[in-house]
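Visitor: Fold the following and give me the result.
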Amino acid sequence: MERKVVAILRVLSDSREPLGGRVIARRLSDLGIDLGERAVRYHLKLMDERGLTHPVRRKDGRSITQIGIEELRSALVSDRVGSIAARIELLGYQTSLNLEKGTGEVPINTSLFRKEEFEKALAAMEATFRAGLCVSHLVAVASEGERLGEVVVPQGKVGLATVSSVVINGILLKAGVPSNSRFSGILQIRGQKPLRFVELIEHSGCSLNPAEIFVASKMTTVSEAATTGDGKILAHLGEAPAACGSMIETIIDRLKEASLGGLVMVGEMSKPVCEVPIGLGKVGIILQSGLNPVAAGVEAGIEVVNRAMSGVIDYGKLRSFCDL
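Guide: Next up, the predicted model:
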């Protein structure tokens, strides 16, 4: 597809409400793309005909369709290299959780299960939640036609939202702690303690979400880790200035009070963590993935479609997994 069309689709996909030609043109300008309002409306009309967008309200309000979302994922792979790192930064910025008041929005992953398998999936995930191999025991459930983040649950499916580890990046950002989420990988656990990373994918060099790939490829043994303390789980590795080490641990403790967490460990300054080198003057931070419980479901043979980092949700809409 033309780069202009891809750019318009990207603007629409990043918005939680329909946008008109004037607003789209302004946001494109912010991205360094010079496309006037009239030209944007011309492209929107053609995109409506192709099923990529559809009118929603007012004279020219548009939303991206599911076809548009799929086209955006498939188009211009060179432009999508590093898109995961950019997505983490965006959702971190959109995280607005107020820890004192317990209000605001948190980033989520969305997993889509077949209706008839959802009860079985919950049973398969229970041990993982109870063992704490997740970011939070808080989840949200949606039926067909309802929305979780940016995903509309399709017919015949049930959507499950799990809290993404990006919530920690967002809270750190709001507290003035710069952090860089560098890798997603498979972390080997032995005796309930992290041993080493056995697989790693760097966010800045990939066009697909690594966690989705690892889950779909059945490279984890999360269920074993939950029941025996030995296994392979999904985890993320980031870096932060060593001077912020004590503040990071304080923030993590505050997150636990809001039923959020997922921290595996904070390393020592400039020293490798789980056999991965860390930059000079930095500390390594290992976080569990919010998709670990879903990975346990896949290990049990349950069919699931994952959309990692699928948007943000109101913290007040989350409820305990045990309530399901």
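
Visitor: ok, which stretches of the stretch 101-250 of the chain are helices?
Guide: All helices of the stretch 101-250 of the chain, identified by DSSP state H, counting those that start in this stretch, fall at 118-130, 166-174, 210-216, 222-228, 245-257.

Visitor: Next, the buried residues of the third one.
Guide: Think helix 210-216. By 16 or more other CB atoms under 10 Å, the buried positions in helix 210-216 come out as 210-215. (Each C-beta comes from the backbone N, C-alpha and C, glycine too.)

Visitor: what do you get for stretch 176-192?
Guide: For stretch 176-192, burial by neighbour count (16+ other CB under 10 Å) applies to 177, 179-189.

Visitor: swap in stretch 145-165?
Guide: 148-153, 157-165.

Visitor: same check, this time on stretch 279-299
Guide: Within stretch 279-299, the residues that count as buried by 16+ other CB under 10 Å are 282-299.

Visitor: Restricting to C-alpha, output it in CSV.
Guide: Taking C-alpha atoms only, stretch 279-299 is exported to CSV below (Å, rounded to 0.1, in the frame of the first residue of the first chain):
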residue,chain,number,x,y,z
GLY,A,279,24.9,-1.2,29.7
LEU,A,280,27.4,1.0,31.6
GLY,A,281,25.8,2.8,34.5
LYS,A,282,22.6,0.8,34.1
VAL,A,283,20.7,-1.8,36.1
GLY,A,284,18.8,-4.7,34.4
ILE,A,285,15.1,-5.1,35.2
ILE,A,286,13.4,-8.5,34.5
LEU,A,287,9.6,-8.4,34.4
GLN,A,288,7.2,-11.3,33.9
SER,A,289,4.9,-11.2,30.9
GLY,A,290,1.2,-10.7,31.3
LEU,A,291,0.7,-13.5,28.8
ASN,A,292,2.1,-16.3,31.0
PRO,A,293,-1.3,-17.6,32.1
VAL,A,294,-2.5,-17.6,28.5
ALA,A,295,0.7,-19.6,27.6
ALA,A,296,-0.3,-22.2,30.1
GLY,A,297,-3.6,-22.5,28.3
VAL,A,298,-1.9,-23.0,25.0
GLU,A,299,0.3,-25.7,26.6
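
Visitor: what mean pLDDT would you report for it?
Guide: Confidence for stretch 279-299, expressed as mean pLDDT, is 96.

Visitor: likewise stretch 255-273?
Guide: 91.

Visitor: How far off centre is it?
Guide: What separates the centre of stretch 255-273 from the centre of its chain is 18 Å, taken as CA atoms, centre = their mean, to the nearest Å.

Visitor: Over to stretch 36-44?
Guide: Its chain's C-alpha centre and that of stretch 36-44 lie 31 Å apart, by CA atoms, centre = their mean.

Visitor: Strands along the stretch 51-200 of the chain, start to end?
Guide: Counting by DSSP state E, counting those that start in this stretch, the stretch 51-200 of the chain has strands at residues 53-55, 62-64, 105-114, 138-142, 147-148, 151-152, 157-163, 180-190, 193-202.

Visitor: buried ones in the second one?
Guide: Of the residues in strand 62-64, 62-64 count as buried by neighbour count, 16+ other CB under 10 Å.

Visitor: what does the first one give?
Guide: Applying a neighbour-count criterion of 16+ other CB under 10 Å, one finds 53-54 buried in strand 53-55.

Visitor: what does that strand rub up against?
Guide: 8-9, 12, 44, 47-48, 61-65, 68 (CB atoms under 8 Å, 6 or more residues apart in numbering).

Visitor: Lovely, talk soon.
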